[in-house]
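Undergrad: quick one, what's the 3D model for this:
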Amino acid sequence: NLKGLSEAKVEKIVEAAQKIELANQFMTGNEMLSKRANVLRITTGSANVDKLLGGGIESMSITEMFGENRTGKTQVCHTLCVTAQLPTDMHGGNGKVCYIDSEGTFRPEKVAKIAERFGLNPEAVLDNIMYARAYTSEHQYELLKVAAAKMVEENFSLLIMDSIMSLFRVDYSGRGELSERQQQLGKMMSRMMKLAEQFNIAVVITNQVMSDPSGGMTFVANPSKPVGGHVLG
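TA: Residues are numbered from 1 along each chain as shown. This is a model prediction of the structure:
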């Protein structure tokens with residue numbers, strides 16, 4: 001119950017919100033095809049990596065990068081902070097960047113150097129990056145709400161979360177809290193997916209890895225897998 005709002009008023013507000021979001025409407029396959037025509041592919045700065053990704057980092061979707069420490073995940077994120085601001089005819093996103101940092105690894109001086117490589121003004125590039133440091137998994141989730149409000153007002157092309165799991169591993173420990181952790185992680189992924197589709201932005205998340213005891217049975221040289229289980233796919 002909300003003070004000052006009757007049940008009838010609340011129903012009308014919900015109905016109006018659903019109309020704006022087209023929450024209860026189906027669309028034809030052709031309409032979905034037209035919507036998919038707006039998908040952007042943001043270059044990673046490497047022609048070979050772009051080729052592997054089918055043209056670059058795709059909007060309206062979530063791209064996960066995982067690997068051990070010092071394998072270049074954050075460096076790619078720094079590069080994407082620049083390439084996402086390039087015009088679309090240069091395989092950019094022509095929009096601002098939202099960067100949520102959970103590990104304190106964002107380095108603006110590196111972004112400035114990358115901007116120079118692409119012939120852009122470093123100060124202008126940095127001004128177009130909306131940065132926030134997250135300290136708990138709950139704070140991380142709340143920052144997505146703030147980001148959504150900003151995306152309504154301004155044009156964004158990329159959301160980066162570096163990294164997705166580090167704070168969850170601190171806040172939730174042991175098998176006893178695993179179920180709650182996965183539930184909260186699922187909510188965060190769902191919110192990021194909605195932002196990606198609603199604002200036609202690319203979402204990039206980095207992730208840590210853990211050893212896979214069963215990996216040795218497959219004769220893999222480095223048997224490791226991303227943290228987060230099936231929720232992260």
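
Undergrad: list the contacts of the longest helix that the chain contains.
TA: Ranked by residue count under DSSP state H, the longest helix found in the chain is helix 178-199. Outside helix 178-199, the residues that touch it by C-beta atoms under 8 Å, 6 or more residues apart in numbering are 21, 59-62, 137, 140-141, 144, 147-148, 151, 156, 159, 161, 164-165, 168, 171-172, 201-203, 205, 228-229, 231-232. Every C-beta, even on glycine, is put in place using the N, C-alpha and C of the backbone.

Undergrad: with stretch 124-134 instead?
TA: So stretch 124-134 is contacted by 81-82, 85, 96-102, 104, 106, 108, 111-112, 115, 140, 143, 146-147, 150, 156, 167 (C-beta under 8 Å, 6+ apart).

Undergrad: swap in 6 Å and give it another go.
TA: Residues external to stretch 124-134 that are found in contact with it (C-beta atoms under 6 Å, 6 or more residues apart in numbering): 81-82, 85, 96-102, 108, 115, 140, 143.

Undergrad: so among those residues, which ones count as buried?
TA: Taking 16 or more other C-beta atoms under 10 Å as the criterion, what is buried in those is 81-82, 85, 96-102, 115, 140, 143.

Undergrad: and residue 58, what is it in contact with?
TA: Listed by C-beta under 6 Å, 6+ apart, the contact partners of residue 58 are 39, 41.

Undergrad: switch to 7 Å and redo it
TA: By C-beta atoms under 7 Å, 6 or more residues apart in numbering, the contact set of residue 58 is 39, 41, 202.

Undergrad: neighbouring strands of the helix or strand following the longest helix of the chain in the sheet, and parallel or not?
TA: Past helix 178-199, further along toward the C-terminus, the next helix or strand under DSSP states H and E is strand 202-207. Note on strand 202-207: by DSSP bridges, its sheet partners are strand 61-66 (parallel), strand 156-162 (parallel).
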